[in-house]
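[1] The following block contains a protein sequence and its predicted model.
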Amino acid sequence: MALLNTRKKWRENDNYRKRHRKIALDITRKRLAEDCNYREMNREQSRKNKQRKYANNNEQRQQQNSLCHRKCHANGEKNKPVTSNTYWIRRSRQLADCKRKITQFQAKKKMAEKSKVSHLHVDLRFHKARRTITVGLCKLKRLHNHLASKAATCLNQLPADHQPTEDELTLAFNGIRAHTQSSEPYF
């Protein structure tokens, strides 16, 4: 009943719709800024969508429309993937997750036995380590993207028709030069 009332408000009330759209956008932006996994998932989805949008490969289209990927009804309506495919996809994910949990449990058990520390403290350490790894990977990806974009802008400023001189290199890297002991300048 509550869902019906919400949908009715959504259709009829413009202020309600605008306010909730704004809230949803804020939540999405916040998740994109903070959650590395969510950001990667969105990036992957946008990549797949672009590939689908610009794909002109007939063979790929035929494969996507084939009966093994999609189930067609008599009237030509396309439905979700065949249930056997979704079963195997779900099963492989569950098996991988189960295997990961088993190895993690064995490692926690071994650590607790060898170090004579309670299982709770070991769980807390593993959680802290997983969180540190996630934050570190997110930071690494962000720094790599920043460095890649910076290098790309510097390379765009270099001449393509001849070998750049030292002055042109210095100008391309905004005058920032790291000096080393060698005679060659390092940018």
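    Cool, the structure landed. Numbering: from 1, shown residues only.
[2] Okay, domains of the chain per the record?
    76-116, 118-160 (automatic domain parsing).
[3] could those domains go into JSON lines alongside distance to residue 38 and mean pLDDT?
    Yep, even glycine has a C-beta here, placed from its N, CA and C like the rest. Converted to JSON lines, the domains of the chain look like this (distance: least, CB to CB, whole Å; pLDDT from 0 to 100):
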{"stretch": "domain 76-116", "distance to residue 38": "18", "mean pLDDT": "85"}
{"stretch": "domain 118-160", "distance to residue 38": "11", "mean pLDDT": "90"}
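[4] so which of the ones you listed comes closest to residue 9?
    domain 76-116 (29.6 Å; CB to CB).
[5] so which of the domains of the chain comes closest to residue 28?
    That would be domain 118-160 among the domains of the chain, by CB to CB, at 17.3 Å.
[6] Measure how far the closest one is from the centre of its chain, please.
    13 Å (CA atoms, centre = their mean, to the nearest Å).
[7] buried sites along the lengthiest helix in the chain?
    Counting by DSSP state H, the longest helix found in the chain is helix 119-157. Across helix 119-157, burial judged by 16 or more other CB atoms under 10 Å covers 122, 138, 154.
[8] same check, this time on stretch 157-168
    For stretch 157-168, using 16+ other CB under 10 Å, no residue counts as buried.
[9] Quote the end-to-end distance of that stretch.
    9 Å (CA to CA, to the nearest Å).
[10] Report the distance from that stretch to the chain centre.
    The mean C-alpha position of stretch 157-168 is separated from the chain mean by 36 Å, CA atoms, centre = their mean.
[11] And stretch 113-132, by the same measure?
    For stretch 113-132 - counting by CA atoms, centre = their mean - the centre lies 28 Å from the chain centre.
[12] Please export the C-alpha coordinates of it as PDB.
    Taking Å, rounded to 0.1, in the frame of the first residue of the first chain, the C-alpha atoms of stretch 113-132 are listed here in PDB:
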ATOM      1  CA  GLU A 113      45.400 -21.000  17.400                       C
ATOM      2  CA  LYS A 114      49.000 -20.000  16.700                       C
ATOM      3  CA  SER A 115      48.900 -16.600  18.400                       C
ATOM      4  CA  LYS A 116      46.700 -17.500  21.300                       C
ATOM      5  CA  VAL A 117      44.400 -14.600  20.600                       C
ATOM      6  CA  SER A 118      40.600 -14.700  20.700                       C
ATOM      7  CA  HIS A 119      38.600 -15.300  17.500                       C
ATOM      8  CA  LEU A 120      36.900 -11.900  18.000                       C
ATOM      9  CA  HIS A 121      40.200 -10.000  17.900                       C
ATOM     10  CA  VAL A 122      41.300 -12.000  14.800                       C
ATOM     11  CA  ASP A 123      38.000 -11.100  13.100                       C
ATOM     12  CA  LEU A 124      38.600  -7.500  13.900                       C
ATOM     13  CA  ARG A 125      42.100  -7.600  12.500                       C
ATOM     14  CA  PHE A 126      41.000  -9.200   9.300                       C
ATOM     15  CA  HIS A 127      38.200  -6.600   8.900                       C
ATOM     16  CA  LYS A 128      40.700  -3.800   9.500                       C
ATOM     17  CA  ALA A 129      43.100  -5.300   7.000                       C
ATOM     18  CA  ARG A 130      40.400  -5.700   4.400                       C
ATOM     19  CA  ARG A 131      39.300  -2.100   4.900                       C
ATOM     20  CA  THR A 132      42.900  -0.900   4.700                       C
END
